[in-house]
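Asker: Sequence plus the predicted model coming up.
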Amino acid sequence: MRDREIMPQALQIAPTPQLLHHLTIFQRTFLSVEAYTQRGDKAGMLLGGWLADALHNVPHMLLHYDDDGVHNPVDTSAWLKSFPASMRGRGAPTNIVADCQHVLSNDGAATELGLKDDMSDFGLAPEAKLREYLDMIHRAFLSMRVMTSHGNRPLISWHELDQVWTEAAFSHAALNGLMASVLSPLPLGLVRWSRFKEDEFRQNAMNVGERLCVESRNDWRNFFQS
């Protein structure tokens, strides 16, 4: 007798205001990581890793918006509100803490995503696509959060960045910047689905991946084709 096929967990998508708020946070994170990488800002690139670590469970929370869930909305909201203070406690410079507060703030979600005030152009991606691409964002955050540790110990202090920054750290930061540049249009695409050019998004990802070394290029292709 064949084993019964395991059905995917039914979705319980977050209410629109909460969905827009968190998608805006994702977009801000990607744009910030891209900008930090382009400037070679080590402190900012480390913040990007910590933001990815803080956010990696949020995409699945948006798909399973359950007050009784492991990553429930109330606990997640409280965690994100407290996160800038935790960065301050780790020794982040004042401007980095301010950047963290901006990324996680509640302001301007619909506006930053380019939606009209009356939300007449809002159009959510089909459930299958929403699941697929929020899972992609989840996996991206898992990859990007590795920026917070190299060797056998975490980079818990911004004060020692110059001493512990290695070629491996630079390489990973550069890869994070490329991934962020590819993913930054995705949050808007998920809420203006009829205008999202999915084929162009995928093709751009493949084009960016061609700049990488062979080993990284194969991992990159697998990431965006899975």
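Answerer: Great, that's in hand. Numbers count the residues shown, from 1 in each chain.
Asker: Report the distance from the longest helix anywhere in the chain to the chain centre.
Answerer: When the chain is parsed with DSSP state H, its longest helix is helix 16-39. Relative to the mean C-alpha coordinate of its chain, helix 16-39 is positioned 7 Å out (CA atoms, centre = their mean, to the nearest Å).
Asker: Next secondary structure after that helix?
Answerer: helix 42-55 (DSSP states H and E).
Asker: now the angle from that following helix to helix 16-39?
Answerer: 150 degrees (axes from the mean of the first three to the mean of the last three CA atoms, to 10 degrees).
Asker: elements contacting the helix or strand that helix 42-55 is followed by?
Answerer: The first helix or strand that comes after helix 42-55 along the chain, using DSSP H and E, is helix 58-63. Secondary-structure packing of helix 58-63 (3 or more CB pairs under 8 Å, 6 or more residues apart in numbering; DSSP states H and E): helix 16-39, helix 73-89, helix 127-144. Where C-beta positions appear, they are placed from N, C-alpha and C, glycine not excepted.
Asker: so how far is the shortest one off the chain centroid?
Answerer: Going by CA atoms, centre = their mean, the spacing between the C-alpha centre of helix 73-89 and its chain's C-alpha centre is 16 Å.
Asker: residues of it that come out buried?
Answerer: 73, 76, 80, 83-84, 87 (16 or more other CB atoms under 10 Å).
Asker: So which of those residues is the closest to residue 45?
Answerer: Of all these, residue 87 has the smallest distance to residue 45: 13.6 Å, by CB to CB.
Asker: Contact partners for residue 136?
Answerer: By CB atoms under 8 Å, 6 or more residues apart in numbering, residue 136 lies in contact with 183, 186, 223-224.
Asker: Name the nearest of the residues you listed relative to residue 211.
Answerer: Closest to residue 211, out of all of the contacts of residue 136 and judged by CB to CB, is residue 224, at 13.8 Å.
Asker: Okay, now the unreliable bits of this structure?
Answerer: 1-9, 69-70, 149-157, 226 (pLDDT under 70).
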